[in-house]
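Novice: Next come a sequence and a model predicted from it.
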Amino acid sequence: MRMKPLVVMTAMAALVALAGPGEVAAQQRAARYTPAPGAKDVKAVLFNWFWHMGMLRGPQEIEAVATLEHKATGTMQVGGQACTLTSYRVSSNYQVAGQRVQYTCTRPNGQKYAAIEVVSGQHAWDEDVVGAELVSGRGKATPTPAALHERLIRLWAGPQGAPKAAAAGGDKTTVSYDTGKPVVTYAIPGAPGAVAKATLSAQNMAERVEVRQGDVVTEFNYANYADYNNPLNKIEAFYAGTTVEKRNGVTTRDLTTVETETGNVYVVMPVPASVRKAAPTPR
C-alpha cells in the first residue's frame, strides 16, 4: 500500500483544482514510479529508501526535502574526552549544501564547553555566535579547512543526506546485497576519495553507513526511526532516534533524538568574507 502524499505543492494543487478526476488520475499515474515487487536494482532500492523515509512529497511523489532541524541529547568527544551534552542542535540545508552544529556540553571535570561548527559548500569554519561576521563587528568566524571533509561526510551520511547523495551519484552509485540487505555504495559530494556504503534495514532505512577516505573510517549506526516532529506538525517524515558515530573505531558522538523539523524551514549558512579569503580548502 502506498503512503498518502505528505505535502501537496501549490502548483500541483492548482492543477488538481482545474482538471477533472480522470485527468488528475492520468497525470498522477504518468508521473509516479512504482518498483516491481521484490525489485533489487538501483532505481528501485533508492525509491524505496526515499519512500519509507517519508521524503517523497506531493501527488507526483517528488523528493523535495530541502532542510532539516534536529535536536538531540547524549555525549560527544571533545579533546579526547566524553562531553555530556546540555544542548545539541543541527541545521542542515541539502539544496545549498551546508550544516551548522551548535552544542554545549560538560566535561568529566565539570568544565563547560560550547562550539558552533559550520560547513557550507567547500568552506568550513567555527563561529562564536551564530552568523558571526555577517554583520560587521558581530562575532568571530574562524576558518577550519581541515574539518571540511569530516563535516561534509556527516552531512551526506546522515539519515536524510545519505539517500540524497546516493541518488545524486547517478550511474556511479551501485547496489549489492549482504545477507539479503541492500548495501548502497556512493561517493560523498565535495570530499574526493570518500566512499560511503549504506546498509539498509528490512524497513528500507539506513541502519549503518560506513565512509572510507584514505586511512580514515567513519561509521554511523542508526536505529529507532520515527516522526520526531513537534506533535502539532507530524508529517510522517522519519529520522533516526539514535545515532552512534565512530571514527576509526572510537565513538565520537552518541545521540538520542529529541525533536526534528522536516517541514523545509529556512536554513542558510552564508560564508563570511574572512573565511572565503582563508587558506584553500583541502582537495
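Specialist: Looks like it came in fine. Numbers count the residues shown, from 1 in each chain.

Novice: When you work out contacts or count neighbours from here on, use the C-alpha atoms and nothing else.
Specialist: Noted.

Novice: so how many other residues sit close to Ala132?
Specialist: By the criterion of other CA atoms under 10 Å, Ala132 has 20 neighbours.

Novice: which residues touch the residue nearest the centre of the chain?
Specialist: Nearest to the geometric centre of the chain sits Gly161, at 3.2 Å (CA atoms, centre = their mean). By CA atoms under 8 Å, 6 or more residues apart in numbering, the contact list for Gly161 reads 94, 155.

Novice: Now Ser274: closest residue in space, sequence neighbours ignored.
Specialist: Ala141 (7.4 Å; CA to CA, 6 or more residues apart in numbering).

Novice: my read: that neighbour touches Asp126, true?
Specialist: Yes. Contact criterion CA atoms under 8 Å: Ala141 and Asp126 qualify, at 5.7 Å.

Novice: of those two, who's got more company?
Specialist: Between Ala141 and Asp126, counted using other CA under 10 Å, the more crowded position is Ala141 (25 against 22).

Novice: what's the distance between that one and Ser92?
Specialist: 19 Å (CA to CA, to the nearest Å).

Novice: do the same with Gly249
Specialist: In terms of CA to CA, Gly249 sits 26 Å off from Ser92.

Novice: what separates the residue nearest to Ala237 when sequence neighbours are not counted from Ala194, distance-wise?
Specialist: Among residues not flanking Ala237 along the chain, Gly54 sits closest, at 4.3 Å (CA to CA, 6+ apart). Distance of Gly54 to Ala194, computed by CA to CA: 27 Å.

Novice: Then Asn264?
Specialist: Distance from Asn264 to Ala194, by CA to CA: 28 Å.

Novice: Now for the closest residue to Thr251 other than its chain neighbours: which residues touch it?
Specialist: What sits nearest to Thr251 in space, not counting adjacent residues and going by CA to CA, 6+ apart, is Glu245, at 5.8 Å. Contacts for Glu245 (CA under 8 Å, 6+ apart) come out as 218-221, 251-254.

Novice: List the pairing partners of the helix or strand harbouring Glu245 within its sheet, with orientation.
Specialist: Using DSSP states H and E, Glu245 falls within strand 242-247. If you go by DSSP bridges, strand 242-247 pairs up with strand 216-223 (antiparallel), strand 250-261 (antiparallel).

Novice: For Ala25, give me the pLDDT.
Specialist: With respect to pLDDT, Ala25 scores 42.

Novice: Ok, the one 3 residues further on next?
Specialist: Reading off the per-residue confidence, Gln28 sits at a pLDDT of 43.

Novice: Tell me which stretches of the stretch 101-250 of the chain form strands.
Specialist: 112-120, 123-127, 141-143, 174-178, 181-187, 195-200, 206-213, 216-223, 242-247, 250-261 (DSSP state E, counting those that start in this stretch).

Novice: okay, the ones you listed in CSV with distance to Met76 and mean pLDDT next?
Specialist: Converted to CSV, the strands of the stretch 101-250 of the chain look like this (distance: least, CA to CA, whole Å; pLDDT from 0 to 100):
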stretch, distance to Met76, mean pLDDT
strand 112-120, 11, 98
strand 123-127, 17, 97
strand 141-143, 21, 97
strand 174-178, 30, 97
strand 181-187, 26, 98
strand 195-200, 22, 98
strand 206-213, 18, 98
strand 216-223, 13, 98
strand 242-247, 9, 98
strand 250-261, 4, 97
